[in-house]
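> Need coordinates for the below:
(2 chains)
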Protein chains: 2
Amino acid sequence: MSETSAASGQHVQSLARGLSVIRSFDADHVSMTLSEVSRRTGLTRATARRFLLTLVDLGYMRTDGRNFELTAQVLGLGYSYLSGQTLPQLAQPLLEDLSRTISESTSASILDGQDIVYVARIHTRRLMRVGIAVGTRFPAYATSMGRVLLAGLPDAELEQYLAQVQPRPLTERTLTSVTDLREEITRVREAGWAVVDQELEAGLRSVAVPVRGPGGDVIAAINTSMQASLGTGGSTLEEAVAEVLPHLQQTAAKITAALVAGS
Amino acid sequence: MSETSAASGQHVQSLARGLSVIRSFDADHVSMTLSEVSRRTGLTRATARRFLLTLVDLGYMRTDGRNFELTAQVLGLGYSYLSGQTLPQLAQPLLEDLSRTISESTSASILDGQDIVYVARIHTRRLMRVGIAVGTRFPAYATSMGRVLLAGLPDAELEQYLAQVQPRPLTERTLTSVTDLREEITRVREAGWAVVDQELEAGLRSVAVPVRGPGGDVIAAINTSMQASLGTGGSTLEEAVAEVLPHLQQTAAKITAALVAGS
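This next block holds a predicted model:
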């Protein structure tokens, strides 16, 4: 059966719009009315309504007639990706060991476009802001894992990133000059680790190292994050880095060894 | 702009098909050709191709021209749901404490249709099969958390479930008679906990208790799973249950208290 390209374009647009309706829900928008979804997606009320009701039919959304909420079935979409990834499954227990050893939260992430995406996360304390979980995205430039992942890119890809990125000041400490960012990434490449002190969020420090795949490429980053005011044992930034860095490097090496053993 | 109901039906179908393409990927199908996606979704090659290329355009899929893989951007869809849920965020650190105390893996799940869906999971050992992560689904009838969640349903909803469910023997021990299942759920309601011994998977035991919301309704279940051959300290099923049950009940009460404090 042949189709006109107009009809084909409709399919594309319908899928894009349906996915944008799902993504318009988040921690601050758990339950929304039709008007709110329409406002957040930029879709007309009639169009937003059609997609909301379709998602209800498909089981991804529920409604009491006025308010709409996502159902747990949406998790299955993320799981389609996550279940196929070896890295998070190998990294998770090793990060749990690391979190126990250093008594701090740890995470693994990968680069996706200009963002890092968390693929594993261990909380040790209830100090951290909530809402960081598998699937969370942050701009690569303002995070220790992002800088490690950028440092691991081939030169041409790094230059492409730097040509496009427009860093915004997320705190008063965020590096927003592309020149400064390039310098810092060069430093990270040479040192093999990155530290970010309150550039993503005030009060939050993070140290990251690269995880290499069986072929030697940087395929992920792992980090530990801690309160800037406390550090590990009320230490300076340098002392905090010196304390956690060997443990992070050891865990990264174990993840690589597990990937090699499994490949 | 008014639309014919045929055009409207097309939108619905496009979204459903696009989501089915995403869900056709899993641990055993990480990378697929057009033909494989077509076979697994039941879509024609031409239709499957259109949706795959749309997902590539939208950043949810990548291709080398022959093979297609999901990207980490897919995680963002699950995150739209997860970031809005208070329960997983409150439960995660409390389950980590529980896992440390009893030295076993722990999880939290909710009921979604006929399935349980994991919303938090802590691995303590590397004994368990991989692939159980947030978003994993299992049929409620064969799991300890499922039976706790079914026991927490209002009578009418439980009867509706029992009228529809068609239990399959996942192992040789799986309860497949609806009469037996109803009896077991009644026992779970009275006892306040469930144990499942190798009904989901040979060698795997699990004990679950309900988590109640601020209003007293069962809103989730938490469990611990252990090797049947080992139990906790090579114990019998009864000894293993007696050992972990008070800890599970304490953790469930703490999660409820945290939900009450936050509501």
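
> Please enumerate the helices of the stretch 101-250 of chain A.
A:144-151, A:155-164, A:178-191, A:237-262 (DSSP state H, counting those that start in this stretch).

> shaky segments in the stretch 151-263 of chain A?
Where the stretch 151-263 of chain A drops to pLDDT under 70, the residues are A:229-235, A:263.

> that older thread, could you identify which of the helices of the stretch 101-250 of chain A is most buried?
The highest mean neighbour count among the helices of the stretch 101-250 of chain A, using mean count of other CB atoms under 10 Å in any protein chain shown, belongs to helix A:144-151: a mean of 28. Quick note: C-beta positions are derived from backbone N, CA and C, even for glycine.

> List just the one of the helices of the stretch 101-250 of chain A that sits closest to chain B.
helix A:237-262 (9.4 Å; CB to the nearest CB).

> How about the closest one and chain B, touching?
No: against chain B, helix A:237-262 shows no contacts by CB under 8 Å from any CB of the partner chain, the least distance being 9.4 Å.

> ok now that helix, how far from the chain's centre?
Here the centre of helix A:237-262 is set off from its chain's centre by 19 Å, with CA atoms, centre = their mean, to the nearest Å.

> next one: stretch A:51-69
On CA atoms, centre = their mean, the centre of stretch A:51-69 falls 27 Å from that of its chain.

> Buried residues in that stretch, which are they?
A:51-55, A:58, A:60-61, A:68-69 (16 or more other CB atoms under 10 Å in any protein chain shown).

> For chain A, which segments count as strands?
Counting by DSSP state E, chain A has strands at residues A:31-33, A:61-63, A:67-70, A:105-112, A:115-122, A:137-139, A:194-197, A:204-212, A:218-227.

> I'd like those strands written out as TSV, with distance to residue B:120 added.
Output for the strands of chain A, formatted as TSV (distance: least, CB to CB, whole Å):
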stretch	distance to residue B:120
strand A:31-33	21
strand A:61-63	21
strand A:67-70	17
strand A:105-112	15
strand A:115-122	11
strand A:137-139	20
strand A:194-197	27
strand A:204-212	23
strand A:218-227	19
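
> What count of nearby residues applies to residue A:165?
16 (other CB atoms under 10 Å in any protein chain shown).

> Relative to residue A:199, how far out is it?
The gap separating residue A:165 from residue A:199 is 14 Å, by CB to CB, to the nearest Å.

> again with residue A:50
Taking CB to CB, one finds residue A:50 at 42 Å from residue A:199.

> Please say which of these two ends up with more neighbours.
Neighbours were counted for residue A:50 and for residue A:199 using other CB under 10 Å; residue A:199 has more, 24 against 21.

> Report the contact partners of the more buried one.
For residue A:199, the contact set (CB atoms under 8 Å, 6 or more residues apart in numbering or on different chains) comprises A:142-143, A:170-171, A:173-175.

> again with residue A:140
Shown in contact with residue A:140 (CB under 8 Å, 6+ apart): A:111, A:114-116, A:146-147, A:149-150, A:161, A:165.

> repeat that for 6 Å
Counting by CB atoms under 6 Å, 6 or more residues apart in numbering or on different chains, residue A:140 makes contact with A:114, A:116, A:146, A:150.

> nearest residue to it other than its sequence neighbours?
Distance criterion CB to CB, 6 or more residues apart in numbering or on different chains; nearest residue to residue A:140, sequence neighbours excluded, is residue A:146 at 3.0 Å.

> beta partners for the most centrally placed residue in chain A?
For chain A, the residue nearest the mean C-alpha position is residue A:117 (2.1 Å; CA atoms, centre = their mean). Bridge pairing for residue A:117 (DSSP bridges) gives the partners residue A:110, residue A:137.

> my read: it touches residue A:137, true?
Yes: if you go by CB atoms under 6 Å, residue A:117 and residue A:137 touch, sitting 5.3 Å apart.

> Now do the phi/psi pair for residue A:199.
phi -90, psi -20 (degrees, to the nearest 10).

> Now do the residue lying closest to it once chain neighbours are set aside: how many residues are near it, please.
The shortest distance from residue A:199 to any non-neighbouring residue, by CB to CB, 6+ apart, is to residue A:174 (4.5 Å). Residue A:174: 18 surrounding residues under other CB under 10 Å.

> could you measure residue A:174 against chain B, distance?
As judged by CB to the nearest CB, to the nearest Å, residue A:174 and chain B stand 22 Å apart.

> likewise residue A:228?
21 Å.

> residues touching the nearest residue to that residue once chain neighbours are set aside, list them.
Excluding its sequence neighbours, the residue lying closest to residue A:228 (CB to CB, 6+ apart) is residue A:205, at 4.7 Å. By CB under 6 Å, 6+ apart, residue A:205 lies in contact with A:197, A:226, A:228.

> As JSON lines, these with distance to residue A:241 and neighbour count would be great.
Shown next, in JSON lines, are the contacts of residue A:205 (distance: CB to CB, whole Å; neighbours: other CB atoms under 10 Å in any protein chain shown):
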{"residue": "A:197", "distance to residue A:241": "10", "neighbour count": "16"}
{"residue": "A:226", "distance to residue A:241": "10", "neighbour count": "25"}
{"residue": "A:228", "distance to residue A:241": "12", "neighbour count": "17"}
